[in-house]
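Enquirer: quick one: sequence and predicted model below, then my questions.
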Amino acid sequence: MALVSEFLGQLTLSFGGEREPTFPTVVPVRDFDPAKDAARIDTAIKTKGVDEQTIIDILTRRSYKQRRDIAFQYERIAKKDLVTALKGALSGSLEAVMLGLLKSTAQYDASELKSSMKGLGTDEESLIEIVCSRSSEELTEIKKVYKEMFKKDLDKDVAGDTSGNFAKLLLALVQTKRDEPSNVIDYEKIDQDARALYEAGVKRKGTDLVTWISIMSERSVPHLQKVFNRYKSYSPLDMKESIKMEVKGDLEKSFLTLVECFENKQLYFGNRLNEAMKSKGAKEKVVTRIIVSRCEVDLMKIRTEFKKQHGRSLYQTIFEHTKGDYQKALMSLCAGDD
């Protein structure tokens, strides 16, 4: 009973099978008229010098489904597809944002994964961010869409582009074997997993990565949150400190990303955005990917965590570290100051 009473104060009941709640900054607009929007975009593209502001105003303030309707109407009016028209009218970071908005969240993630594995050298940072931060439900949809878009299996591409234990961890995640959250808290399993993580790492010489990978890729998120809490009663180091001590390189980054996302996914994204905008000349690719991929998922909550952690709003930070039409598009997707 001691183990149970020790836990009761710190655990909340988590109900299984529920979809994660969403906190979007971009929602469907009321009184939506796709034909009117399409005509306005057509005029904006044909304007001498291109009227970027109109394109930004429309595409950043419509939901993905509404943008799809606009694209359909645009093709009817202009006799060419909207993607081709935007590629011809825009360039650089603004083009990347607008073309990203014409994909569903899963299509966007799939295309970002593809480009991170294309050509010479892999963009491990992007690969880690997407694979380690998406839920099993999101990864299942990404795999389906990836196959439709590129006629290839995501896991085969990941296996061909990565190696060693890094590849094993990513493949374990892509295979989506994670347990569904349960409304029953299994204290014994929490204790077993916490002890197994300790005995496979800090307690021994060399790390038993098979155990680490299987626990991190197969247990439900609420379960793992409790495991990491329990872990502290076995190990002198917390889970993140243990990872830093036991592994290095891409594998270390992957495990840390997983733990940070299990603990507070929106804070993880907030910190990524802060880091990407810290340097002179923001890491635009990272900023674009997070804002575009999360604006219909949880960007509102990312904004809250960002302000709490960094003492200034995401909106203000975007304003300070980006410029021009790209800045306007991001600020519109951010949808307000905090």
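Expert: That came through fine.

Enquirer: the closest residue to Thr257 other than its chain neighbours and Leu251, how far apart?
Expert: Sequence neighbours aside, Cys132 is the residue nearest to Thr257 in space, at 4.0 Å (criterion: Cβ to Cβ, 6 or more residues apart in numbering). Backbone N, C-alpha and C define where each C-beta goes, glycine included. According to Cβ to Cβ, to the nearest Å, Cys132 stands 11 Å off from Leu251.

Enquirer: go on, Thr84?
Expert: Thr84 is 41 Å from Leu251, by Cβ to Cβ.

Enquirer: looking at the two, which is more packed in?
Expert: Taking other Cβ atoms under 10 Å, Thr84 and Leu251 do not tie; Leu251 has more neighbours (23 against 11).

Enquirer: element containing the more buried one?
Expert: helix 249-278 (DSSP states H and E).

Enquirer: for the record, mean pLDDT for that helix?
Expert: Summarised as a single mean, pLDDT over helix 249-278 is 97.

Enquirer: tell me which residues of it come out buried.
Expert: Residues 250-251, 253-263, 265-274, 276-277 are the ones in helix 249-278 that count as buried (16 or more other Cβ atoms under 10 Å).

Enquirer: Leu173 contacts Cys132, correct?
Expert: Yes. With contact defined as Cβ atoms under 8 Å, Leu173 reaches Cys132; the gap is 6.6 Å.

Enquirer: find residues that contact each of the two.
Expert: Common contacts of Leu173 and Cys132, defined by Cβ atoms under 8 Å, 6 or more residues apart in numbering, comprise Leu258.

Enquirer: packing partners of the helix or strand harbouring the residue nearest to Thr257?
Expert: Element membership for Cys132 (DSSP H and E) is helix 124-133. Packed against helix 124-133 by the contact rule (3 or more Cβ pairs under 8 Å, 6 or more residues apart in numbering; DSSP states H and E) you find helix 105-116, helix 154-161, helix 164-174, helix 249-278, helix 284-294.

Enquirer: try it again with 7 Å
Expert: For helix 124-133, the packing partners by 3 or more Cβ pairs under 7 Å, 6 or more residues apart in numbering; DSSP states H and E come out as helix 105-116, helix 164-174, helix 249-278.

Enquirer: what's the following helix or strand after that helix?
Expert: Past helix 124-133, the next helix or strand by DSSP H and E is helix 136-150.

Enquirer: any idea of the mean pLDDT for that following helix?
Expert: The model assigns helix 136-150 a mean pLDDT of 97.

Enquirer: got the contact list for that helix?
Expert: Applying Cβ atoms under 7 Å, 6 or more residues apart in numbering, the contact partners of helix 136-150 are 106-107, 109-111, 113-114, 134, 153-154, 173-174, 176, 178.

Enquirer: between its first and last residues, how far does stretch 170-183 reach?
Expert: By Cα to Cα, to the nearest Å, the extent of stretch 170-183 from end to end equals 28 Å.

Enquirer: only the buried residues of that stretch, if you could.
Expert: Applying 16+ other Cβ under 10 Å to stretch 170-183 flags Leu170, Leu171, Ala172, Leu173, Val174, Thr176, Arg178, Pro181 as buried.

Enquirer: need the contact list for the residue lying closest to the fifth one once chain neighbours are set aside.
Expert: Read that as Val174. Nearest residue to Val174, sequence neighbours excluded (Cβ to Cβ, 6+ apart): Asp155, at 4.9 Å. Applying Cβ under 7 Å, 6+ apart to Asp155 gives the contacts Leu171, Val174, Gln175.

Enquirer: format those residues as CSV; extra columns: distance to Trp212 and pLDDT.
Expert: Listed next are the contacts of Asp155 as CSV, based on distance: Cβ to Cβ, whole Å; pLDDT from 0 to 100:
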residue, distance to Trp212, pLDDT
Leu171, 14, 98
Val174, 17, 97
Gln175, 16, 96
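
Enquirer: so, low pLDDT: which residues of this protein?
Expert: 1-19, 280-281 (pLDDT under 70).

Enquirer: what about 50?
Expert: 1-17 (pLDDT under 50).

Enquirer: which parts of this structure belong to which domain?
Expert: 34-101, 106-174, 180-242, 256-334 (automatic domain parsing).
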